[in-house]
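> Following is a predicted model, sequence given first.
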Amino acid sequence: MGTIGATLIRAGRRFLSSLPALFGVLVFTFLLMRVLPGDPAVFFASGPSAGKEEIEVVRKQLGLDRSLPEQLGIYLYDVGRGNLGRSMMTGQPVAKDLQQRLPASLELTLTALVIALIAAVPLGVLAALRPNSLIDHGVRLFCSLGVCVPTFVSGLLLIYVFYYLLGLAPDPTGRIDVFASVPPARTGFLMVDFLLAGDVEGWWAAARQLTLPAFTMALFVIAPLARITRASMLVSLGSDFVRTARSIGLSRWQIVVTYALRNAILPVITIAGIVFSTMLGANVLVEKVFSWPGVASYALDALLVSDYAPVQGFVLLMASIFVAVNLLVDVLYGIADPRATAA
Amino acid sequence: MMSPLLEIDNLGVTFSTRRGLVEALRGVSLSLQPGEMLGLVGESGSGKSVTGFAVTGLLDKAGRITAGRVKFRGQDITRASGAELRNLHGANMAMIFQNPRAALNPIRTVGAQIADAVLSHRRLSKQEARAEALELLRAVQIRDPDRRLDAYPHELSGGMCQRVMIAIAISCNPSLLIADEPTTGLDVTTQKVVMDLLARIVADRGMATILITHDLGLAAHYCRRVVVMEQGRLVEEGAPQTLFRAPQHAYTKRLVASSPTATSRVGDLVPAEEALPVVEVNERSTPAPGAPPLLDVQHVVKRFDDGTAAVADFSMTMAAGESVGLVGESGSGKSTTARMICRLIDPSAGDILFDGYSIAKLPARDFHRSPLRKEIQIVFQDPHESLNPRFTAFDCIAHPLLRLTGLRHGDALRSRVEECADRVGLPRELLSRFPHQLSGGQKARIGIARAIACRPRLLVLDEPTAALDVSVQAVVLQLLDRLRREDNLAFLFVSHDLNVVRMMCSRTIVLRAGGIVEQGESLALFANPQTDYTRELVEAIPHIGSPASLLPA
């Protein structure tokens, strides 16, 4: 158990060292939002015809009349108390908005990542087993296409084929049919909540809604995962210990999976962590195409109307998730590679 | 006469490389009796390892058997299918590799790896396989076998890893064992223990063994019959005594001559027609009494962050033009000491005086600005790794001149670099080449030319010939010795090869676990060691002339 203990200690240390970075993100986003053009007071004053005085009143209400350091101080104080501010757009506290929307994003991103991994790892292994063969070139072509085609194009394409032409997929409007009953939100993850409620039909409907956007996202990230799997698998297969495994007559499966792949998977874990964090923030295009009520589209909408608080909250959330994912990768790495804890 | 276990008949192997086809083996024929230990010696590129891999069917994808046959127990296995090979591997033939740590799966416990080998050919339960693995660890004399069963390779020393590798190789009692440089990279004392163990195990179990090695002494010590290979061909074969005492083939003669022994001198290593012309050098007059020594190391200590001392209280002095050897096993602190003296790392305590000036207080990070930087230069261990791959030979040699002597690009620099190249015997037309276009010996010469370019007074040599073949080593050693005498250079020579140190250095310091065990005149020290540790080191060196009758019959 010493290994796991050491891994946890290491993860804790990493967490502490990431706190300054989180603080930096906080301050930086705050300043960035203030530098960007656009005046929220003008936007949220009751209408386009609002007079100067009216705007001034809103400005005062928002605290925008104070000096920048003062605003920053107030902001930091509020964040420290867990108050991310109120969204002008939805009229709700930002924390509540994010809490409602984050599970939708996480559900989509996690599903996409799982699909991508299930596809990418075997593809990478196959390509590495026969480098420069037809399979290898096929995988390369597939990966290049996945990366070249923007997600909004591939998303629309999938909708066109599976919804419009074949009618297999439900209409791409959000997580669930507007008229369907929603299970009590326990985790926020619809797939889990439906199961907890014992509603198999609802679960199936939600799964169908999830399929197209998840595949759209997965297509985009299969490429980096498959390429890194192939590269590290090639290194593994050419290594001395695989030669040893061959020299003692182990079965092909054991050589490829137990010896080569288990070693080759280590860099894939790292890349998967990075890919996940990127996907979560960058999947705004997918969320828009499929009307998915996620955090990224929420932040984009807020940004377009100069609604400071949601954007700042979103960036802070993303940074925290990034830290959390890195911690998770660290822990996984420590379990997968006994050398990591020794070093 | 028994029928041979292994017969290799006119075997040819070709590798397809980027520069076209390369013939690695050209018509090799060999036979091996059951239970026999055969030595296969030669330098890099001679095809000795390729022979081993061709026999076991483990050639790279680029390698192909183009001619000849390999018969194992009378059965042709030259083009055996994957399934046939899998049955042969482990159960009938097994290999032990160079660099044991890399040869083991880094993320699997050694017990599991041995059990894998056991399970691949026998129907046993997991518990039985584990018990068998424990038994094998006992057979290879690993201390605390119960605990080691769950250890990972990185938790074991190199010698321990090689024992585990031996345990894996013998797990299914193969009748043929191929050991490819099994002890290269291990300390001499570890080498002796591992080789003795291996020899006893194969003798006990009646396994035939092919010992592939570049070390003639090792082959002579453990084998009854030795085969010499050169450029993919067998050139000579015989009992080691006759073969190495009275070599017939020109290549064997050269190989034997360039292998340092307990009595050889630098001048003897290279055949007369290739030797450098002897330069008469007037021995410099001894420095005036009272003048400070060139180098005075006073109670230097190096502690690491976790508090362990790599070097504990090391002191020495060196006069100008003197050569001092620093020997010891890995972990003895010899490299750390050398790096502190050439100011690449900072000592934790103690002082280093060069020419009477203290240089220990100046941080290693800033030492490159010191005027003394050009007085102390270094020749690194690995000539391949220590040259910038994007620098031409000219750039490599010119770099220190530009940085340290204030020379600017131009004719003066060019003539200075060419002079250095001439002095180390590097043809001028090679100066425009990049390291990957040069041989190991040529790269070693660039490393030396770079080190002497600024005309230093102290040269620290960290295993300068460890990565070179013996014939190249011979030439390089001779070159170094001549440069030292011409320039009145002082050498601090770090090496694990006692025979080399004995030839190159007038004085030797033996280190162990960061402390000095013994020091004195090289010849006297090696001829008559005062401590058990030094004696152990000296006795562990396998000699060409040693009798082969040490093995139980």
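Great, that's in hand.

> Enumerate every residue touching residue B:45.
residue B:231 (Cβ atoms under 8 Å, 6 or more residues apart in numbering or on different chains). Bear in mind the C-beta positions are built from the backbone N, C-alpha and C, glycine included.

> should've said residue B:141
B:163, B:197.

> Retrieve the pLDDT associated with it.
At residue B:141, the pLDDT value in this model is 87.

> What of residue A:124?
94.

> Can you report how many residues lie near it?
A count of neighbours around residue A:124, defined by other Cβ atoms under 10 Å in any protein chain shown, yields 26.

> And the one 5 residues further on, by the same measure?
For residue A:129, the count of nearby residues is 17 (other Cβ under 10 Å).

> Residue of chain B closest to chain A, please.
residue B:89 (3.3 Å; Cβ to the nearest Cβ).

> From the centroid of chain A, which residue is nearest?
Centroid check for chain A by Cα atoms, centre = their mean gives residue A:280 as the closest residue, at 2.0 Å.

> Chain B against chain A: which residues are in contact?
B:56, B:58, B:82, B:85-91, B:94-95, B:97, B:99, B:102-108, B:116-117, B:120-121, B:152, B:154-155, B:165, B:168-169, B:171-172 (Cβ under 8 Å from any Cβ of the partner chain).

> buried subset of these?
Neighbour-count burial (16 or more other Cβ atoms under 10 Å in any protein chain shown) applied to the residues of chain B next to chain A gives B:56, B:58, B:85-86, B:88-91, B:94-95, B:97, B:99, B:103-108, B:116-117, B:120-121, B:152, B:165, B:168-169, B:171-172.

> Mind checking which of those are in helices?
B:56, B:85-86, B:88, B:103, B:116-117, B:165, B:168-169 (DSSP state H).

> related to what we said a few turns ago, return the distance of the residue nearest to the centre of chain A relative to residue A:146.
Using Cβ to Cβ, to the nearest Å, we find residue A:280 at a distance of 19 Å from residue A:146.

> Which pLDDT value belongs to residue 310?
Unless you meant another one, I'm taking chain A. Predicted confidence (pLDDT) for residue A:310: 88.

> switch to chain B, that's the one I care about
87.

> Other residues contacting the strand or helix carrying it?
Using DSSP states H and E, residue B:310 maps to strand B:309-318. If you take Cβ under 8 Å, 6+ apart as the criterion, strand B:309-318 is touched by B:293-304, B:324, B:333, B:336-337, B:340, B:347, B:350, B:458, B:490, B:492, B:509, B:511, B:513-516, B:519.

> Residue B:342 is in contact with residue B:373, isn't it?
No. Applying Cβ atoms under 8 Å, one finds residue B:342 not in contact with residue B:373, separated by 9.4 Å.

> does the residue of the stretch 151-300 of chain A found nearest chain B sit in a helix, a strand or a coil?
Nearest residue of the stretch 151-300 of chain A to chain B, counting by Cβ to the nearest Cβ: residue A:249, 3.3 Å away. Following DSSP: H, G, I helix; E, B strand; the rest coil, we place residue A:249 in the coil state.

> is it true that it touches residue B:83?
No. Residue A:249 is beyond contact range of residue B:83, at 10.1 Å (criterion: Cβ under 8 Å).

> More neighbours: which of those two?
residue A:249 (23 against 9).

> Regarding residue B:210, which helix or strand does it belong to?
Counting by DSSP H and E, residue B:210 is part of strand B:208-213.

> Residues contacting that strand, please?
B:5-6, B:32-41, B:48-49, B:51-52, B:55, B:175-184, B:198, B:202, B:218-219, B:222-223.

> before we move on, back to that, spatially, which residue comes closest to the residue of chain B closest to chain A, not counting chain neighbours?
residue A:249 (3.3 Å; Cβ to Cβ, 6 or more residues apart in numbering or on different chains).

> quick one: pLDDT of that neighbour?
86.

> Where does pLDDT dip in chain B?
For chain B, applying pLDDT under 70 flags the ranges B:1-2, B:271-290, B:545-553.

> rewinding a little: just the contacts of strand B:208-213: which are in helices?
Per DSSP H, the contacts of strand B:208-213 map to helices at B:48-49, B:51-52, B:55, B:198, B:202, B:218-219, B:222.

> Look up how far residue B:345 lies from the closest residue to residue A:93 other than its chain neighbours.
Leaving aside its sequence neighbours, residue A:93 sits nearest to residue A:86 (Cβ to Cβ, 6+ apart; 5.5 Å). In this view, residue A:86 and residue B:345 are 58 Å apart by Cβ to Cβ.
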